[in-house]
Every structure is written in C-alpha cells, then in structure tokens.
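# No sequence on hand, only this structure:
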C-alpha cells in the first residue's frame, strides 16, 4: 500500500471548482433570466403594466389641466402643462409598480417550494438577492423606456400636448442610468416587504396603504407643498428625490430653481443611493436569517 501511494505523481491536484466570480454571477444570471421568462409568458402583465399608467397620464392630464398651476421652481415665463409635469411621475409609477410587483414571485416561489430549493443550494445569499433585483429592475426599466418613447407619439396624434424637454443623447443615457438606479431601489424595497409575507393578499394590502401613498406624496401627482405638515412628509419621502432627479435629467434645457419639491441633482442622487443601499442591506440580512417560514 505504501508503494502504491509513493507511485502517485507528485503533481496530482484535486479538480478545480468554479471560480469565485462564476459562483456569484451564475445564480444572479439564472434568477434574473427566470424573472424575465416568467414575465413575458404572462402577457396580461405587459398590457396592465403599460396600459394603466398611459390611461392615467392621458385622463388625469386632460381632467386636471385647467386647475393646474405651475410650481415655483418652474422658470418664470415658461408655460408647463399638467401632462408635462405628470410625465416623469408616470415613468416613476411604471418603474415602481413593475419593480414592486415582480417581487410577488418571492411569495409564490416559497409556496411552490422553489425558494426552499434555492436556499438549500450552496449559493451565496447575496447572489439570491441580486438575482431577484436584476430581473425586476430590468423589467421596470424596459417598460419605463417604452412609455418614454410613447409619450412624444401620443403628443403627435393629439392625445397629449407637446412637451419641450430638450432631451439629447447624453441626457437619454443619463435618464436610463437613473431609472436603473431607481428600479434597483424600488425592487429592493419590494423584496424586503415580500420576504416576510406568506400571502399575496397581505402584499396587496401593504401596496394599498403604504406604496401607493408613497408615490402620491413624491411630487409625481401634485407639487410638494411649500409649508405645513404635508410638506415635511413629502420631503421625508425618499421617492420625492427620485422623481425630482428624473425630472431634472429628462429636461436638461430647463433651469429648474431649487425648492421644496425640486432639490439639487446631487442631493437626489445621494438620497436615492443611500435608500437603495439600506434596502439591499436589509434584503441580504433577511435572506441570510434562518426562518421557519422558509422551511415550509
């Protein structure tokens, strides 16, 4: 036996396992692609995700255009219609609804047993989180860009007034980057809401009493108040900075003054990034925590 051991080549090494990069990125890509495939197989989700916001933009824009007064941060002498004001808010609405609703799959995956299989696999917990976030964020950005492309088309056919944003190629790329950041933040928010829940009914209840008011109080639907308790609530809302940042990036030719509902772009970026980092950190902690609910 000693002779056989001695005869083994000195250079023999065990087979190499997957690299660290592949160990982290393969689960991320797999889970993200799974979210995309699931979405495109459910065609009603595509219609609902775009149809409702477009109807909101056309109907609310036509109904509230007569009573809308431009906020103080709009340059003096420049007319702004309500549909032009509402346009970035609807884009954020699409990102929010798509990103948030994509995380309902967490509840469904737990009920069907898929999530338990993922958690039992030798997969880093952070890869599970980013796989879900990448899939939801990709869907949200794709649909938001479809709406941004449809907006000018609706103006040309007379369903909406013309909008003069002065968007260039560089501002379009910046808009895409900011929408991606916002989509990651909102998907991470939906993840931390959906993870502890075990029913879609509970998720929809939270959507009605928390997420919808969060969007309404972000300056998307009406301008931020200049004073009073509502003004402080809207300033404390992290989504307010996402809407204001998107509005600034989408209209580079307009010099918006700083105000309660229009903070500086640097402030918008800082608050949005901080909000996303906090949400992702909580997501990773929740995913790595042992829970009896994940074993069911």
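Perfect, thanks for sending it. On a predicted model such as this, the values are computed, not experimentally measured, just so you know.

# in stretch 248-255, what counts as buried?
Residues 248-251, 254 are the ones in stretch 248-255 that count as buried (16 or more other C-beta atoms under 10 Å). Placement of C-beta: from N, CA and C, glycine included.

# so how far is stretch 122-135 off the chain centroid?
Centroid displacement of stretch 122-135 relative to its chain, using C-alpha atoms, centre = their mean, to the nearest Å, is 16 Å.

# My error: substitute stretch 216-226 in the last question.
19 Å.

# Would you mind listing the buried residues in the host helix or strand of residue 285?
Per DSSP states H and E: residue 285 is located in helix 265-288. Judged by neighbour count using 16+ other C-beta under 10 Å, the buried positions of helix 265-288 are 265, 268-269, 271-272, 275-276, 279-280, 282-284, 286-287.

# before we move on, what about stretch 205-216?
207, 211, 214-216.

# how many other residues sit next to the nearest residue to residue 62 once chain neighbours are set aside?
Nearest residue to residue 62, sequence neighbours excluded (C-beta to C-beta, 6 or more residues apart in numbering): residue 83, at 7.8 Å. By other C-beta atoms under 10 Å, the residues close to residue 83 number 24.

# and residue 83, that one's in a strand?
No: counting by DSSP: H, G, I helix; E, B strand; the rest coil, residue 83 is not part of a strand but helix.

# Read off the pLDDT value for it.
Per-residue pLDDT puts residue 83 at 80.

# Residue 276 now?
pLDDT, residue 276: 94.

# ok, it - contacts?
When contacts are counted by C-beta atoms under 8 Å, 6 or more residues apart in numbering, residue 276 touches 181, 184-185, 188.

# Same check on residue 220?
86, 88-90, 92-93, 239, 243.

# With residue 104 instead?
Taking C-beta under 8 Å, 6+ apart, we find residue 104 in contact with 194, 200, 203.

# do the same with residue 275
185, 238.
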